[in-house]
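Colleague: below are the sequence and a predicted model for it; my questions follow.
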Amino acid sequence: MPDNHFQPKIVAFFCTWCTYTAADLTGISRLAYAPNVRVIRLMCSGRLDPQFVLAAFRHGADGVLIGGCHPGDCHYQQGNYKTRRRIELLRAVLRDLGVEDQRLRLEWISASEGEKVQRVCNQMTEELRRLGPLRLEHPQRQPAEPAGKTR
Amino acid sequence: MMKPKIAFYWCASCGGCEEAVVDLGEVLLAVADLVEIAFWPVALDFKRADVEALDDGELAAAFINGAVRTSEQEQMAGLLRRKSAAVVAFGACATHGGIPGLANLYDSADILDTVYHQAPSLANPDAATPSENSRVAEGELTLPAFSATVRTLGQVIDVDYYLPGCPPPPALIGSAVTALVNGKLPPKGAVLAPDMALCSECPRAATKPGKLLVTQFRRPHQTLIDPELCLLAQGLACLGPATRAGCAAACVGANMPCTGCMGPTSNVIDHGAKALSAIASLLDADSEEQITARVAEIADPVGTFYRYSLPASLLHRRARPAAREDEEVAP
């Protein structure tokens, strides 16, 4: 693959009880996966504030992956259901803001599913590679320009 | 003693903020005794040259409402910044972008195309499009440039204080002006409104159920709204839990849900994200099908959660279409 080939940046938020443990298993099992994923550990996927997702996009992520326990298996009973609701509503907002559905992915990965971490990370990296970088624009404040003449 | 000089200016706004100043009524008369109004294009016949003639920092305060969309607005904001000791972003548009900020859902070229070429009520036989320079028989005419996005005032110039609201509530305007005149200024960057969620001052707070669950979202025209009961408990997407107080729950008092014009409290970066997070938590839905059905009941998600704050949000505007793989990409 040529060096200038697009390498998507993916920020992943994994819950400590299921998906983060699964990612450890991926490593222990020597299952290599795309290095494009940067993992951040949360106590629960329910800790995920939608602001985290937007901040990741703002600071250069091309995709955000969220991993939690399977429905019914949350260590805190309800956290993953809350995440599911928030993410679906956030997805509706992002769609209208031109951010494609593939850029925000929610997966249930239990502690024993190390190979699923590998599969999901690789799949998402490939999908985003095809999709291209996320193009956002932010206002940069210019130094206050001296008031020009009335035009 | 010389009276402190103040200025009012408007950028991309509807005029409602100016109306709010006039609506101060007798309070305004009291203020007018204390200060000298040096510039107020809506109400008084001053010109830009009058502002240019002032010394730098000569104005005690400039109250600027509206978001910034054109080069003229940007220049006026810069000019008033130089001439003023304090700049107050006045109203939701100056503070967070406001309703004009929803134009950040579209590209500027598409907006001009829609307005001048596609609108069904249009009579434009020559397909004229405004341009910054045009040559006519009498000479050259110029228009301000139309920028790529709508920005908040704070994204254009240094702002000292923010007075949110659509328009700012009279009581908050009164206390802000009084504080400025008396020199009892809060720390720079302060939002001149209480730092609590609207639910804290909502007259319906007592009727908010301990465990609030929304089984179906309704829009105000789809239901007979109970005038006493918490609006969220009635399935209306009220942004009270995520919006700053200070308006004395004016909309809720008029039996309408809060739409978020006061912006978020100080601990929040992105108002819309927090508002949608609060609302999503209330959904009485666990399965994907149920959740999808509830989400579909929200007619315009960006317009609901970012009605006044899209330019100030983390994403600022709609993303540009993604570059395809065959396009050259900067590393």
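Modeller: That came in fine, so what should we check first?

Colleague: helix, strand or coil for the residue in the stretch 51-200 of chain B that chain A sits nearest to?
Modeller: The nearest approach of the stretch 51-200 of chain B to chain A comes at B:Leu79, 3.7 Å away (CB to the nearest CB). For every residue, glycine as well, the C-beta is placed using N, CA and C. In three-state terms, and counting by DSSP: H, G, I helix; E, B strand; the rest coil, B:Leu79 is helix.

Colleague: am I right that it is in contact with B:Arg48?
Modeller: Yes. B:Leu79 is in contact with B:Arg48 according to CB atoms under 8 Å; the separation is 7.4 Å.

Colleague: mind checking which of those two has more residues around it?
Modeller: Taking neighbours as other CB atoms under 10 Å in any protein chain shown, B:Leu79 and B:Arg48 compare with B:Leu79 leading, 24 against 16.

Colleague: where does the prediction get shaky in the chain?
Modeller: Defaulting to chain A. For chain A, the stretches with pLDDT under 70 are A:1-4, A:141-151.

Colleague: that's the other chain; I wanted chain B
Modeller: Along chain B, the parts satisfying pLDDT under 70 run over B:1, B:323-331.

Colleague: from A:Tyr20, how far out is B:Val20?
Modeller: If you look again at residue B:20, you'll see it is Ala, not Val. From B:Ala20 over to A:Tyr20 the distance is 51 Å, taken as CB to CB, to the nearest Å.

Colleague: now do the strands in the chain.
Modeller: Since you didn't name a chain, this refers to chain A. For chain A, applying DSSP state E gives strands covering A:10-15, A:37-42, A:63-68, A:104-108.

Colleague: my question was about chain B, not that one.
Modeller: Taking DSSP E as the test, the strands found in chain B are B:5-10, B:36-39, B:59-65, B:68-70, B:84-90, B:133-136, B:139-142, B:146-151, B:161-163.

Colleague: so which of those is nearest A:Thr125?
Modeller: Distance to A:Thr125, taken as CB to CB, is lowest for strand B:146-151 among those, at 30.5 Å.

Colleague: what's that closest one packed up against?
Modeller: If contacts are counted by 3 or more CB pairs under 8 Å, 6 or more residues apart in numbering or on different chains; DSSP states H and E, strand B:146-151 sits against strand B:68-70, helix B:108-113.

Colleague: and the last one, what does it pack onto?
Modeller: Contacting helix B:108-113 under the criterion 3+ CB pairs under 8 Å, 6+ apart are the following elements: strand B:146-151.

Colleague: strand partners of the strand it packs on, parallel vs antiparallel please.
Modeller: strand B:68-70 (antiparallel) (DSSP bridges).

Colleague: circling back: can I get the strands of chain A in TSV with mean neighbour count and distance to chain B?
Modeller: Formatted as TSV, the strands of chain A follow (neighbours: other CB atoms under 10 Å in any protein chain shown; distance: least, CB to the nearest CB, whole Å):
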stretch	mean neighbour count	distance to chain B
strand A:10-15	25	13
strand A:37-42	16	15
strand A:63-68	27	11
strand A:104-108	21	10
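
Colleague: out of those strands, nearest to B:Thr223?
Modeller: Proximity to B:Thr223 (CB to CB) singles out strand A:104-108 among the strands of chain A, at 31.4 Å.

Colleague: what strands line up against that closest one, and which way round?
Modeller: Using DSSP bridges, the strands paired with strand A:104-108 in its sheet are strand A:63-68 (parallel).

Colleague: how about residues contacting the partner strand?
Modeller: Here strand A:63-68 makes contact (CB atoms under 8 Å, 6 or more residues apart in numbering or on different chains) with A:8-15, A:18-20, A:22-23, A:37, A:44-46, A:48, A:53, A:56-57, A:74, A:79-80, A:83, A:87, A:102-109, A:117, A:120-121, A:124, A:128, A:134.

Colleague: same thing but 6 Å
Modeller: With contacts defined as CB atoms under 6 Å, 6 or more residues apart in numbering or on different chains, strand A:63-68 is touched by A:8, A:10-15, A:19, A:45, A:53, A:56, A:80, A:83, A:103-107, A:109, A:124, A:128.
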